[in-house]
Structures are given as C-alpha cells and as structure tokens.
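In: kindly generate the corresponding structure for this input.
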Amino acid sequence: MPVDQYKKFLREEYLTQRFPLNYFNAKMPYGGAIKKVMDQKAIEKKTNTWEKKFYPKTRDENVKILDDYLTLCEKNNICPIMFKTPVTEKFMENFNPQLSDEFNSLIEQVLQKHPNAYFIDGWKLNLASYENFYDHEHLNIYGAAKFSAFLNDFIENLEKK
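Out: Numbering: from 1, shown residues only. Below is the predicted model of the structure:
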C-alpha cells in the first residue's frame, strides 16, 4: 500500500503518542530507513538475548498449542497462514543458527501434520534492504507495505487453487 494510503487513516498525533521519540521523525514522518552501519555489539547483544530465553517446557507447550490451534482451524475449514517476519541480513548473520534451525524444524514437523497450513519464511524474502526497516528486526511503514502486498498476493494465489 502506498504511503499516501496510510496517511488517510494514521494521524500524526496517534503516531507521535503511540511510538517512542525518533520512531517517526520530521524528515521521514512515516518511518525512515535504518542506517546500514550499526554498532556490532548492539546487534550481537540483541540477537544473543534469545539464547538466554531457552525454556524447553514452554517450547513444548507452545508446539502443543499450535498443533491444537491448527487442528481447530482444520475442523472449521480454515486455512491458516503463519509467517516469520523479515529481518535485515545483519540480524540474520548474528542470530544463533541453532535456534533458527530448531524453530524451522519444529515448524516443518507441524506442517507435515497439518498440510492445509502454510508457513512463509520472511527471512527468505527479498525485503532485507535497510530501507524497509525501523531497526534490524522491525519493518518500517515501507517494509510493512511491501510485506502486506506479498501476503495479499499469496492469499490471492491460494484462492485461485
């Protein structure tokens, strides 16, 4: 969706109250691109926090909840679409590959059990350009518009099947 479309339903007052300072600055009121260079220690600190949040029982409970949810969708003729949001290349490079592989493996197991569910790996999409991000792991309004367009196309193609 073009930025002009967002201006129709997002008021500047809402944006400045809802988001921290500098999220939307005067030069780029609807979300600017991040700088390509970020303090390496900062990005490593951000990605390394996930390693400390490993809770096997919680993971197993979440997989069960997802399985139950997808079963409920199937019973109600609903085609669920799950996705991993896009991130920058720098974020992917610094993210623990074992955690990423484990996540992808768990999703693959769930998808084998629920063939009518779909998973989109946003890390494999061509959105990793810095102009699409507020920071290394959150899309700005331009990236969100591109990802939304991708999802719309994906859904339209499913409807044609």
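
In: mind listing the helices for this protein?
Out: For the chain, helices defined by DSSP state H occupy the ranges 3-9, 12-18, 40-48, 56-75, 89-94, 97-113, 141-160.

In: shaky segments in the chain?
Out: Residue ranges of the chain with pLDDT under 70: 1-54, 128.

In: quick check: domain ranges of the protein?
Out: The chain breaks down by automatic domain parsing into domains covering 1-31, 36-160.

In: and Leu151, what does it touch?
Out: Leu151 makes contact with Ile81, Phe83, Ile120, according to CB atoms under 8 Å, 6 or more residues apart in numbering. (Each C-beta comes from the backbone N, C-alpha and C, glycine too.)

In: top of these by neighbour count?
Out: Within the contacts of Leu151, most neighbours by other CB atoms under 10 Å means Ile120, with 17 neighbours.

In: so what's the residue count around Lys90?
Out: If you count neighbours by other CB under 10 Å, Lys90 ends up with 20.

In: hang on, it packs against Asp135?
Out: No - under the criterion of CB atoms under 8 Å, Lys90 is not in contact with Asp135, lying 10.4 Å apart.

In: so which of the contacts of Leu151 belong to strands?
Out: Residues of the contacts of Leu151 located in strands (DSSP state E): Ile81, Phe83, Ile120.

In: the first one touches Ile155, doesn't it?
Out: Yes - with contact defined as CB under 8 Å, Ile81 and Ile155 form a contacting pair (7.2 Å).

In: Leu70: neighbour count?
Out: When neighbours are defined as other CB under 10 Å, Leu70 has 19 of them.

In: a markdown table for the ones in strands among the contacts of Leu151, including distance to Lys57?
Out: What follows is those, written out as a markdown table (distance: CB to CB, whole Å):
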| residue | distance to Lys57 |
| --- | --- |
| Ile81 | 28 |
| Phe83 | 25 |
| Ile120 | 28 |
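
In: buried sites along stretch 81-92?
Out: If you call a residue buried by 16 or more other CB atoms under 10 Å, then stretch 81-92 has these buried ones: Lys84, Thr85, Pro86, Val87, Thr88, Lys90, Phe91, Met92.
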